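Undergrad: build me a model from this:
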Amino acid sequence: MADQTSASTGLFLNGQRESGMDVRISNVTAATAVANIVKTSLGPVGLDKMLVDDIGDVLITNDGATILQQLEVEHPAARVLVDLAQLQDKEVGDGTTSVVLIAAALLKKGNELIQTHGLHPNTVISGYRTALKASVAFLKQEMVVHVNELEESHLIHAAKTSMSSKLIGPES
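TA: Next up, the predicted model:
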């Protein structure tokens, strides 16, 4: 009866429902796969990737946002990482590869805590939230340097460093 009701509402997909540990492992595996794709392109000595589309056009880049944008990702968890990278690129303009690698590492470590130590997923999430609050407090207290305390040469050096991955040609 439940299958007939689902079929009449158009929500019946003739698939099988997964839950719990199987979904978690699938999500972590998908996130790790996406991270592995962009991992080697990280940093100033990151490797270029050669991407070939369906019609044979070739794109060579080491930009994480570009690499992820070209992927055809279907897995929901992997799609979240790609969307996260696109949001990072839109909001900040840099750090897309780092965001994906950190997110995938957190998922992987969280899954290890659940499997090896028997922690409940909510406990892991609570721990991550506590770590986030402590990290933000530390950064605000210890790592913030006000711009008016810096010399102009420091600001120029910081601007050149942050823009070096985005400029090509004599401007860099």
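Undergrad: quick one: the helices in the protein?
TA: 2-9, 21-39, 64-70, 76-91, 96-117, 121-138, 152-163 (DSSP state H).
Undergrad: deepest of these, which one?
TA: helix 64-70 (a mean of 20; mean count of other Cβ atoms under 10 Å). The C-beta positions use only the backbone N, C-alpha and C, and glycine is treated the same way.
Undergrad: which other residues reach it?
TA: 34, 37-38, 41-42, 49, 51, 53, 59, 61, 81-82, 85-86, 88-89, 96-98, 100 (Cβ atoms under 8 Å, 6 or more residues apart in numbering).
Undergrad: how far does stretch 147-156 stretch from one end to the other?
TA: Distance across stretch 147-156, first residue to last, is 12 Å (Cα to Cα, to the nearest Å).
Undergrad: I meant stretch 87-103, not that one.
TA: Terminal residues of stretch 87-103 are spaced 14 Å apart (Cα to Cα).
Undergrad: who touches that stretch?
TA: Outside stretch 87-103, the residues within contact range by Cβ under 8 Å, 6+ apart are 31, 34-35, 38-39, 41-42, 46, 63-65, 68, 81, 84-86, 162, 165-166.
Undergrad: rerun at 6 Å
TA: Stretch 87-103 is contacted from outside by Ala35, Val38, Leu42, Gly64, Ala65, Leu81, Leu84, Ala85, using Cβ atoms under 6 Å, 6 or more residues apart in numbering.
Undergrad: could you measure from the fifth one over to Met143?
TA: In this structure, Ala65 and Met143 are 25 Å apart, going by Cβ to Cβ, to the nearest Å.
Undergrad: quick revisit: need the max-distance pair from the contacts of stretch 87-103.
TA: Within the contacts of stretch 87-103, Leu42 and Leu84 form the most distant pair, 15.6 Å apart (Cβ to Cβ).
Undergrad: low-confidence ranges, the protein, go.
TA: Counting by pLDDT under 70, the chain shows low-confidence ranges at 1-19, 164-172.
Undergrad: at 50 what do you get?
TA: Applying pLDDT under 50 to the chain flags residues 1-7, 169-172.
Undergrad: for it, which residue occupies the most central location?
TA: Val100 (2.0 Å; Cα atoms, centre = their mean).
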